[in-house]
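> Got a sequence here, can you model it:
(chains A and B)
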Amino acid sequence: MSAADPMIPQDLPTQFEAWFKKRGWQPRPHQLDLLEKATKRRSTLLIAPTGAGKTLAGFLPSLTDLAARPPRKKGEAHRGIHTLYISPLKALAVDIKRNLETPIAEMGLPVTLETRTGDTPGHRRQRQKLMPPDILLTTPEQLALLLASKDAARFFSDLAYIVLDELHSLVISKRGHLLSLGLARLRNLRPGAVSIGLSATVAEPDELCRWLVSGHENQADLIQVGEGAKPHITILDSKERVPWSGHSARYAIGDVYESIRQHQTTLIFVNTRSQAELVFQELWRINEDNLPIALHHGSLDVGQRRRVEAAMGTNSLKAIVATSTLDLGIDWGEVDLVVHIGAPKGASRLAQRIGRSNHRMDEPSTAILVPANRFEVLECQAALDANYLGAQDTPPLIEGAIDVLAQHILGMACAEPFDEDELYREITSATPYAKLGRETFTRILQFVATGGYALKNYERYAKIRKNTEGLWRITHPKFAQQYRLNVGTIVEAPSLAVRLTKWRGKGGSARGGRVLGKVEEYFLEQMVQGDTFLFAGKVLRFEGIRENECIVTSAQNTDPKIPAYMGGKFPLSTYLADQVRSMIADPARWKILPDQVSQWLQIQQQKSLLPKRDQLLIETFPVDERGGRYYMIAYPFEGRLAHQTLGMLLTRRLERAHARPTGFVATDYAIAVWGLRDMGQMVANGELSFADLYDEDMLGDDLESWLADSYMLKRTFRNCALISGLIEKRHPGKEKTGRQMTISSDLIYDVLREHEPDHILMQATRADAASGLLDVRRLGDMLARIKGHIVHKPLSEITPMAVPIMLDIGREAIPGDANEILLAEAAENLIEKALSF
Amino acid sequence: MAIASQLAPNGTGACPFELAGNELLADPAGIIWWEAEKCLIVSDLHLEKGSSFARRGQMLPPYDTKVTLARLQKSIDFWRPKTVISLGDAFHDNDASLRLPLAQRQQLSVMCKSLDWIWISGNHDPEPPVDLAGMVADTLSIGSLHFCHEPQIGAEPGEVSGHLHPSAKIRIKGRTVRRRCFVASDKRLIMPSFGAYTGGLNVLDKAYSGLFEGRNFYALMLGEGQTYRFDGKKLY
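This next block holds a predicted model:
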């Protein structure tokens, strides 16, 4: 080692220095720091806000390295790739390539760079394997595929750098687990390769530093760049009335339009695709100036999305309505305003989205939050306060998923025969799997080989088998093909292409016409010919389903039946929930809220009460208009998923207490349960105790017995079954029949639960459900928190805080196992009708 | 449930209906009970579908035959038939009867021997099952009922078939409920599939075209312990 002072940043090679100068730029300290770390072969995590030149920092080490590399001599073998860049989004990989091409061209560097995504044509992928580019920009799924190929070792033999972009968003998902396993393999193939993680600000940077390197080492170095100028965020102060409930924010469209007019380019973020469609539609309805306003979400046709992205790059759009597909660090044009419609759901998430505006960190970003209802006003205010304080609420990392590991093990067998002990060591070097027990690993291995059942029926059909040298290898090349077709962890609901035709009538040809994008099958299943819906910014008329396509025509009317998708995908973060509770408890803080919202809280205080920060308020009241129903509303503020689980468990317990519950509905903030008996009265009589009802013991037997039949557990099982390879998304030669899955996972679940409830995949399902769709962990924390802090208010009528959820009752379907009752009711009606003749 | 008992005068949850002058009961387990002949009719057992998939690399839980036979046993124990008619596709493929686990092979063997068992052959199992008792036939007529695996367009009235795995969907209160079902008119009956791993095909699918006159049929949907009848015009 040289004696150079590590405090003095390393000098840039002259051609780089000249380039910076020509551009009128100065290399930033963190860019030089990272270069220095990389030169010392230290893996490093760079945490920096948007606009800090993170991407360039991440690539400087490899670019300077490549610039100094002697050119390949004629006749010499092709070198493997030098730098591997992984991003969570295809679009981001494409965007980064565009951004890197400029410095490479301007400095005349001898560097080739290419992307490799699901969209890359087969011939180019082939060529990439024979003649690898110096820098390959790709996604976690493509990395898995590359590592599962026979020539992986050669392909990565020259690998020097691994750049992982938007790491904060990758690590919290199953894709992150898949990537961590891929990284573990890469470290084995090229122990000298340096990992560089690029991330937005997170709550626990150390977790990410450990994630970046082998668990058997310590952790990666950390470079953290301070936040830039504080963003300028306001909550929309509309003269219109903020609605009680709903997610459309229709009331604010006029204000939003006005803001678009006053800015150069506006990015409008919404939480769901249906919101995006609706906001887009509403904006165009009043777009008298014909402003170029575009729509962007993940279900739209790729070509359509690319056109919007290209228009964005050339600054020819005035506004773009987008979902999370545009969340991540994509840098398009001069956005000077971000409008966030709907609840932000998390403080960090909001900060990352707002970072999209004004991509220079020394200038403040400008953002307007548009709450869609009154509770969202509180949530927006809490997020705004958090942003001011710099509070972070990124979710904690969870242990690696079993289904992902099963997929990975098969992939590793496809690459080359493996030794069980070595693979176990490699897998446990990945942080998410550091605690994986050997016994569990063996069970997963057995699962991959023969299904891992207690009944050893499938030995002769084994997909992988130990050979005479004690190495596991695949038994037939068709299993490698199956693996390649089904790689990845993103399980989408089965969906159909939407084709816009002029056809309208029986037997007419539906050929031709444009594909607008994809829509989930379950949504289309509810439709009959003639129904209209919003998609791709158009009102479409459903004509029918032809093979794998949904045939639509342009609708004449402009009032569509709006897609009834669920609210946001993300539940309210624990941090924001706590902030909202404390805001409600503290009237002094209401001053900053819009008048109509603080009045709403004041009336609530008069009519009922406002819970203290640690309290759980329960209101009970009858509502006669709804047919003599009695209601119990609780306000835990723990997010929709935890509330749904709570609702399922409460109704079971209420049934046992003879309260005769008939249904419930859950939002991010509250839960409403209704039934045929007055629960307030029952408490007064001593027939019911809320302390007992909300006791933590509901997470014991009640949870177990409910889980057994839960629809959500079945959905979770389906994902695990698909990811682990128990059932296939696609089968070789039958790629097109994705619509009718080979076999229903519900049927498999029923059989497995009955005969082998402890099967490894059932364990995987329960673990996923606890942290995922059921959010049991959060429910448990809540029940512990409110113990001894329940305040009950028996009332004679509905309160202001109850109005939003009461309005949701008619709108949302009753979750759970109500199907049977519905069937019976409907059939009975028919019989009554039949009898009346 | 109060509603269920109102709907089920016989207390079994089975729904009575008539086909070509015969009184039949549609049992919510997915079988037909024909009291006059003491005959139980079941279709599309698809035994050993699990191992059939395992051969292709999808290691489905190897318990489907066990589940299917246990359910069938339950129905047999309840109705005590003299005759059982299996309407084809009893086995998922031609070798499936050879792959039966020992316990299930014995169970099935006893069932077949102790009753008048009739195997109607299906497209999945054109060959008769190996070493199992019972009569094998492509089609069979008893009185005014005619049994076969695949429904035939233009068949004479009284046809009882399977093959299509019908399911029906109703829409109520903004929700859709989908279940396996019997589908019937005054001329024919199509049985639901009985096997543990068998899915359903909507009765409005084009695969059914020509079998009924428009929507002039009804679906007997399988609920929990109760069969529910719906007019074909009410389905989605």
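> Longest helix in chain B, please.
Ranked by residue count and defined by DSSP state H, the top helix of chain B is helix B:64-79.
> List the buried residues for that helix?
Buried residues in helix B:64-79, defined by neighbour count with 16 or more other C-beta atoms under 10 Å in any protein chain shown: B:64-69, B:71-72, B:75-76, B:79. Bear in mind the C-beta positions are built from the backbone N, C-alpha and C, glycine included.
> my guess is residue A:267 meets residue A:318, correct?
No. Look at residue A:267 against residue A:318 with C-beta atoms under 8 Å: they stay out of range, at 10.9 Å.
> and the two? which has more neighbours close in?
residue A:267 (26 against 18; other C-beta atoms under 10 Å in any protein chain shown).
> how about the nearest residue to residue A:225, chain neighbours excluded?
The shortest distance from residue A:225 to any non-neighbouring residue, by C-beta to C-beta, 6 or more residues apart in numbering or on different chains, is to residue A:48 (3.8 Å).
> In the buried residues of helix B:64-79, find the pair that's most separated.
Distances among these were taken as C-beta to C-beta; the most separated pair is B:64 and B:79, at 22.8 Å.
> what sits up against the longest helix of chain B?
A:751, A:754-755, B:12, B:27, B:29, B:31, B:33, B:40, B:42, B:45-50, B:84, B:100-101, B:103-104, B:107-108, B:111, B:115, B:194-197 (C-beta atoms under 8 Å, 6 or more residues apart in numbering or on different chains).
> Just the buried ones out of those residues, please.
Buried, going by 16+ other C-beta under 10 Å: A:751, A:755, B:12, B:27, B:29, B:31, B:33, B:40, B:42, B:45-50, B:84, B:100-101, B:104, B:107-108, B:111, B:115, B:194-197, out of the contacts of helix B:64-79.
> Count the neighbours of the residue of the stretch 301-450 of chain A at minimum distance from chain B for me.
Nearest to chain B, among the residues of the stretch 301-450 of chain A, is residue A:450, at 6.0 Å (C-beta to the nearest C-beta). Each residue near residue A:450 was counted by other C-beta under 10 Å, and the total is 21.
> same deal with residue B:58?
Neighbours of residue B:58 (other C-beta under 10 Å): 22.
> For it, give me its contacts.
Contacts of residue B:58 by C-beta under 8 Å, 6+ apart are A:726-728, A:742-743.
> ok, then the element right after the longest helix of chain B?
Sequence order places strand B:83-86 as the next helix or strand after helix B:64-79, per DSSP states H and E.
> tell me which residues of that following strand are tucked away?
In strand B:83-86, counting by 16+ other C-beta under 10 Å, buried: B:83-86.
> Now residue B:192: closest residue in space, sequence neighbours ignored.
residue B:180 (4.2 Å).
> Look at that neighbour and give its secondary structure.
Here residue B:180 is strand, with the state taken from DSSP: H, G, I helix; E, B strand; the rest coil.
> Please, which helix or strand holds residue A:530?
Residue A:530 is part of no helix or strand when elements are defined by DSSP H and E.
> From what I see, it and residue A:552 are in contact.
No. The pair residue A:530 / residue A:552 is not scored as a contact, 11.1 Å apart, by C-beta under 8 Å.
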